[in-house]
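Visitor: just need the structure, nothing else, for what follows:
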Amino acid sequence: MKANAWQQDQEYLSLVEDLLEQPAVQKLANYTQHHHSDRLQHSIAVSFDSYELAKKMKLDYKSVARAGLLHDLFYYDWRTTKFNLGSHAFIHPRVALRNAEKITELNAMEKDIILKHMFGATLALPKYRESLLVSLVDDYEAEHEFFAPLRKKADGLYHKIKVRVSI
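Guide: Below is the predicted model:
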């Protein structure tokens, strides 16, 4: 996602504005997600990139945008908090769904997107193509966020080497 591109897309904003105004969603900014991003940044990236792809694929981009924003609506550090009922990959989609239902009405697809966004790490099969899309975009964003500083450092080293070699 291009930095802050989502803020320029009026159609996207009209779909998620009510959610972004919710204190429950804003609170996600207080939680680190993939070491180099916060959970709100991550959720917006998943939501917006999924929305753009869903539009191109002629899928339900409204449900994708809204559920993508809410897919990680939980308030604990997943690296340190452990559950007796199962792994974080299994538990947090259920917690996110319960929290999302407290702040907005969800359609069946939005519920499935939130519950199944950990497909691959769990055996919960997505019912809709939109659910699979958000799951794949979530994986992409997680990798991108986690490795971004390493890529930046590697690009800097590459540039230094290239400059030295070309002199």
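Visitor: average pLDDT for the helix or strand harbouring L133?
Guide: Counting by DSSP states H and E, the element that carries L133 is helix 129-166. Helix 129-166 comes out with an average pLDDT of 74.
Visitor: show me where pLDDT drops low in this structure?
Guide: 1-3, 33-36, 78-90, 148-167 (pLDDT under 70).
Visitor: what about 90?
Guide: 1-5, 31-38, 74-92, 117-124, 140, 142-167 (pLDDT under 90).
Visitor: in which helix or strand would I find Y76?
Guide: Applying DSSP H and E, one finds Y76 in no helix or strand.
Visitor: got it, and I113?
Guide: Going by DSSP H and E, I113 is in helix 108-116.
Visitor: that helix packs against which elements?
Guide: Counting contacts by 3 or more Cβ pairs under 8 Å, 6 or more residues apart in numbering; DSSP states H and E, helix 108-116 is packed against helix 61-70, helix 88-103, helix 129-166. Any C-beta I mention is one placed from the backbone N, CA and C, and that applies to glycine too.
Visitor: just the CA trace of stretch 122-130, in PDB.
Guide: Coordinates of each C-alpha in stretch 122-130 appear next as PDB, following Å, rounded to 0.1, in the frame of the first residue of the first chain:
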ATOM      1  CA  THR A 122      -5.900 -22.800  10.900                       C
ATOM      2  CA  LEU A 123      -8.100 -25.300   9.000                       C
ATOM      3  CA  ALA A 124     -11.100 -22.900   8.900                       C
ATOM      4  CA  LEU A 125     -12.000 -23.000   5.200                       C
ATOM      5  CA  PRO A 126     -13.200 -19.600   3.800                       C
ATOM      6  CA  LYS A 127     -16.800 -19.800   2.500                       C
ATOM      7  CA  TYR A 128     -16.300 -16.800   0.100                       C
ATOM      8  CA  ARG A 129     -13.600 -15.700  -2.300                       C
ATOM      9  CA  GLU A 130     -13.600 -12.500  -0.400                       C
END
